[in-house]
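Undergrad: I need the structure of the sequence given here:
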Amino acid sequence: MASYEVNDAAVTHCRKLIAAHRYVVDSDWGDAQPDAERENTYLERHSWVEYGAWHLGLTEGASDETKARYAFVLGDFSRIHRSALIACVYRAAEWQHKAVELAAHDLLQELDAAIEG
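TA: Here you go, the predicted model:
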């Protein structure tokens, strides 16, 4: 099983999007999650750094500038999705990636506070 470290750039990016109210509160993440074609289209117009900022996990040992390097996507390359954060918490907990789980949980709490505020 792969090991992941928390992508601090993604945490920062997510917090900026929350502060800017660029989020979706109610979505079906299975439908909203970017597929391979959407990822490729995004990468045609953006850098790997920008692509990486949408992923909470960095795969340890994977080469930079490859899709394999990035895991736990946070949104649709435009907005953060609450359902994506929930999925990150769940998947990270299921696969016992505690640091990613806690980072996703903290971001979910920040998003929920912003929604309520």
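Undergrad: and Cys88, that one's in a helix?
TA: Yes - under DSSP: H, G, I helix; E, B strand; the rest coil, Cys88 falls within a helix.
Undergrad: For it, give its distance to Thr41.
TA: The spacing between Cys88 and Thr41, counted by CB to CB, to the nearest Å, is 22 Å. C-beta here means a position set from N, CA and C on the backbone, and glycine is covered the same way.
Undergrad: OK, contacts around the residue most central in space within the chain?
TA: Most central in the chain under CA atoms, centre = their mean is Leu74, positioned 2.4 Å from the mean C-alpha point. Leu74 makes contacts with 10, 13-14, 54-56, 80-81, 84-85, 88, 107, as judged by CB atoms under 8 Å, 6 or more residues apart in numbering.
Undergrad: which residues of the chain fall in strands?
TA: Under the criterion DSSP state E, the chain contains strands at 4-6, 23-24, 55-59, 70-73, 80-81.
Undergrad: From the contact counts, what lies against the fourth one?
TA: I take that to be strand 70-73. strand 55-59, helix 82-94, helix 98-116 (3 or more CB pairs under 8 Å, 6 or more residues apart in numbering; DSSP states H and E).
Undergrad: Which of those has the highest mean neighbour count?
TA: Highest mean neighbour count of the helices and strands packed on strand 70-73: strand 55-59, a mean of 24 (counted as mean count of other CB atoms under 10 Å).
Undergrad: Mind listing what's buried along stretch 43-61?
TA: Within stretch 43-61, the residues that count as buried by 16 or more other CB atoms under 10 Å are 51-59.
Undergrad: Over to stretch 64-81?
TA: Neighbour counts over stretch 64-81 (16+ other CB under 10 Å) mark 69-77, 79-81 as buried.
Undergrad: Among the residues you listed, which one lies nearest to Gly117?
TA: Ranked by distance to Gly117 (CB to CB), those are led by Ile80 at 15.7 Å.
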